[in-house]
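1. sequence unknown, structure follows:
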């Protein structure tokens, strides 16, 4: 993300106090992350009401993950060019519209349009990635490190807060009304976005870096084996996270556990995620990033293995939530740090965007295969074991990554 030339210049981009900017951005992250993290709560009531197989719901949420990844680089570019506020407002409107369409969806096609297309593109325009970009542009330099950590943690707290509320609302007023309430909640991003307004940077000088075009930067990155391995490893992160988010409540319900267990497992993941992300960011500056990533992926596989081998119980489910939550978004700090280390900051948004796209392709397959294979086999066992195997594979392929800047003899 680009920043102004110095803190005083950056500060002039906003008339609001840093405290208000930080509070508004954290609330945006909390509000937009919460409904998405609660998606799995809607699977069983919707499938039972319309007689759908789980592959219908899974396909819609898979499309959501994919389009979020596709739209993110374009949303970031628009925010850089025209200012953050326009993108945040458009994203919030699309997100809310998707939740409303989802509430009236009675066919698989409508479900895919609402929960898949509209929410997917909406997330790309108003998720915490855009908020962190705004923080980088308009907050004084001394606030930025704190703001990035708090912005990510706020999204995690949204995952902690919304699933239990969603579960209670679904039980008392139904899934349709709950979806509409979530949609109205997302619209709160619109007034908050005015405190995150940036002017756009079309007239600003380019971020310091090598004299490369976008095509040259992409060619350099995808010819660099370490970057390719990093992008491939991030696929597993998306696969595991999206599968658990979408299917954990249904999986636990299949194990004859009450609905509150699934909701609170997702909530505990979100709370532990705040701790895990901040810890991972701290460790990324103090140890080998490739070994940190390798350890995270391996630990995830161990956590899943222990979880599926133990007898189902509320205690085991919540313990798994704590373990997986500590590892949930902990891959992001070392992944982004490695991109900066390899290539610098000039094309950071674009190059991390491709890694995020790989993450979302993994998310698409994790959610979709969860539904398809459940309908074919009657259980989620195959996807759990696939998740374990992918975690081990990512742990292995991150080890050869070279933690050094890419060689640029032609630009030296």
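-> Nice, thanks for sending it over. Here the structure is a predicted model, which means the values were calculated and not measured.
2. what about the helices in the stretch 1-150 of the chain?
-> Under the criterion DSSP state H, counting those that start in this stretch, helices of the stretch 1-150 of the chain are mapped to 7-11, 18-37, 43-50, 54-82, 84-104, 108-111, 119-126, 128-138, 141-173.
3. Of all these, which one comes closest to residue 374?
-> The closest of these to residue 374 is helix 54-82. By Cβ to Cβ, the value is 5.1 Å. (C-beta placed from N, C-alpha, C; glycine too.)
4. In terms of secondary structure, what does that closest one contact?
-> Helix 54-82 sits against helix 43-50, helix 84-104, helix 108-111, helix 119-126, helix 128-138, helix 225-254, helix 348-377, with contacts defined as 3 or more Cβ pairs under 8 Å, 6 or more residues apart in numbering; DSSP states H and E.
5. Quick check: which of the ones you listed is buried the most?
-> Mean neighbour counts were taken over the helices and strands packed on helix 54-82 using mean count of other Cβ atoms under 10 Å, and the top value, a mean of 28, falls to helix 119-126.
6. Pull the residues that contact that one.
-> Residues outside helix 119-126 that contact it (Cβ atoms under 8 Å, 6 or more residues apart in numbering) are 28, 32, 36, 63-72, 74-75, 87-88, 90-99, 102, 186, 189, 193.
7. Average pLDDT for that helix, rounded please.
-> Taken as a whole, helix 119-126 has a mean pLDDT of 92.
8. so how far is it off the chain centroid?
-> 11 Å (Cα atoms, centre = their mean, to the nearest Å).
9. Leaving out the residues flanking it, which one is nearest to residue 127?
-> Of all residues not flanking residue 127 in the chain, residue 32 sits nearest, at 5.5 Å (Cβ to Cβ, 6 or more residues apart in numbering).
10. and that neighbour, what is it in contact with?
-> 91-92, 95, 123, 126-128, 155, 158, 186, 189 are the contacts of residue 32 under Cβ under 8 Å, 6+ apart.
11. So which residues of the stretch 301-412 of the chain form helices?
-> 314-327, 332-343, 348-377, 381-397.
12. With mean pLDDT and distance to residue 171 as extra columns, can I get these in JSON lines?
-> Formatted as JSON lines, the helices of the stretch 301-412 of the chain follow (pLDDT from 0 to 100; distance: least, Cβ to Cβ, whole Å):
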{"stretch": "helix 314-327", "mean pLDDT": "94", "distance to residue 171": "17"}
{"stretch": "helix 332-343", "mean pLDDT": "82", "distance to residue 171": "34"}
{"stretch": "helix 348-377", "mean pLDDT": "85", "distance to residue 171": "23"}
{"stretch": "helix 381-397", "mean pLDDT": "96", "distance to residue 171": "27"}
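13. wait, which of the helices and strands packed on helix 54-82 is closest to residue 178?
-> Residue 178 lies closest to helix 84-104 among the helices and strands packed on helix 54-82, at 8.1 Å (Cβ to Cβ).
14. could you give the mean pLDDT of that closest one?
-> Per-residue pLDDT values over helix 84-104 give a mean of 93.
15. That one packs against which elements?
-> Using 3+ Cβ pairs under 8 Å, 6+ apart: helix 84-104 touches helix 18-37, helix 54-82, helix 108-111, helix 119-126, helix 128-138, helix 175-186, helix 189-193.
16. Adding distance to residue 316, write the ones you listed out as JSON lines.
-> Shown next, in JSON lines, are those (distance: least, Cβ to Cβ, whole Å):
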{"stretch": "helix 18-37", "distance to residue 316": "21"}
{"stretch": "helix 54-82", "distance to residue 316": "23"}
{"stretch": "helix 108-111", "distance to residue 316": "32"}
{"stretch": "helix 119-126", "distance to residue 316": "31"}
{"stretch": "helix 128-138", "distance to residue 316": "30"}
{"stretch": "helix 175-186", "distance to residue 316": "27"}
{"stretch": "helix 189-193", "distance to residue 316": "36"}
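17. which one of those helices is the most hemmed in?
-> For the helices and strands packed on helix 84-104, the largest average neighbour count (mean count of other Cβ under 10 Å) is found in helix 119-126, namely a mean of 28.
18. relative orientation of that helix and helix 84-104 in degrees?
-> Counting by axes from the mean of the first three to the mean of the last three Cα atoms, to 10 degrees, helix 119-126 lies at 160 degrees to helix 84-104.
19. now helix 119-126 and helix 18-37, what's the angle there?
-> Using the same axes, to 10 degrees: helix 119-126 against helix 18-37 is 170 degrees.
20. picking that back up, and the contacts of residue 32, which is closest to residue 337?
-> Residue 337 lies nearest to residue 128 out of the contacts of residue 32, by Cβ to Cβ, at 17.7 Å.
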